[in-house]
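Student: this one's structure only:
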């Protein structure tokens, strides 16, 4: 694909608040505050490639070990001790299968 390609759960979660963040500028306290009293699903793509992504995910999970991580790329880096789902791809079908497994 050329250019930006949309991926993730946004089209499958019309009732959810979806917050897209860039790891380098992610406001972890703000994300956690917005997620108070709600489920937190952290969706990443190829997190193993980016230290900033791993840092943000790790910070979120330190505060919310009940969160679920969905890796929409290659599952090379896997945070331990949390619910983790790897889709092995970021196509709509991959996202839909993950959403179904999560009961969305």
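Tutor: Arrived safely, thanks for sending. For clarity, every value in this text was computed on a predicted model and none was experimentally measured. Residues are numbered from 1 along each chain as shown.
Student: Mean confidence (pLDDT) on whichever strand or helix holds residue 53, please.
Tutor: Following DSSP states H and E, the helix or strand that holds residue 53 is helix 51-63. The average pLDDT within helix 51-63 is 96.
Student: List the buried residues for that helix?
Tutor: By neighbour count on 16 or more other C-beta atoms under 10 Å, the buried set for helix 51-63 is 53-54, 56-57, 60-61. All C-beta atoms are positioned from the backbone trio N, CA, C, and that covers glycine.
Student: just stretch 29-39 next, same as before
Tutor: Neighbour-count burial for stretch 29-39 flags 31-32, 35 (criterion: 16+ other C-beta under 10 Å).
Student: Give me the nearest residue to residue 55, chain neighbours excluded.
Tutor: In space, not counting the residues next to it along the chain, residue 55 is nearest to residue 23; the distance is 7.2 Å by C-beta to C-beta, 6 or more residues apart in numbering.
Student: same question, residue 66
Tutor: Counting by C-beta to C-beta, 6+ apart, residue 66 lies nearest to residue 40, which is 7.4 Å off, once chain neighbours are set aside.
Student: give me every residue that touches the one you found.
Tutor: Taking C-beta atoms under 8 Å, 6 or more residues apart in numbering, we find residue 40 in contact with 32, 60, 64, 66-68.
Student: Look at it and report its pLDDT.
Tutor: For residue 40, the pLDDT comes out at 94.
Student: any idea how far it lies from residue 76?
Tutor: To residue 76, residue 40 is 22 Å away according to C-beta to C-beta, to the nearest Å.
Student: Which parts of the protein are helices?
Tutor: With DSSP state H, the ranges of helices along the chain come out as 28-34, 51-63, 92-101.
Student: Take the ones you listed and write them to TSV, including distance to residue 86.
Tutor: Converted to TSV, those look like this (distance: least, C-beta to C-beta, whole Å):
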stretch	distance to residue 86
helix 28-34	22
helix 51-63	14
helix 92-101	9
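Student: So which of those is nearest residue 7?
Tutor: helix 92-101 (7.0 Å; C-beta to C-beta).
Student: List the buried residues of that closest one.
Tutor: Buried-residue list, helix 92-101, by 16+ other C-beta under 10 Å: 94-95, 98-99.
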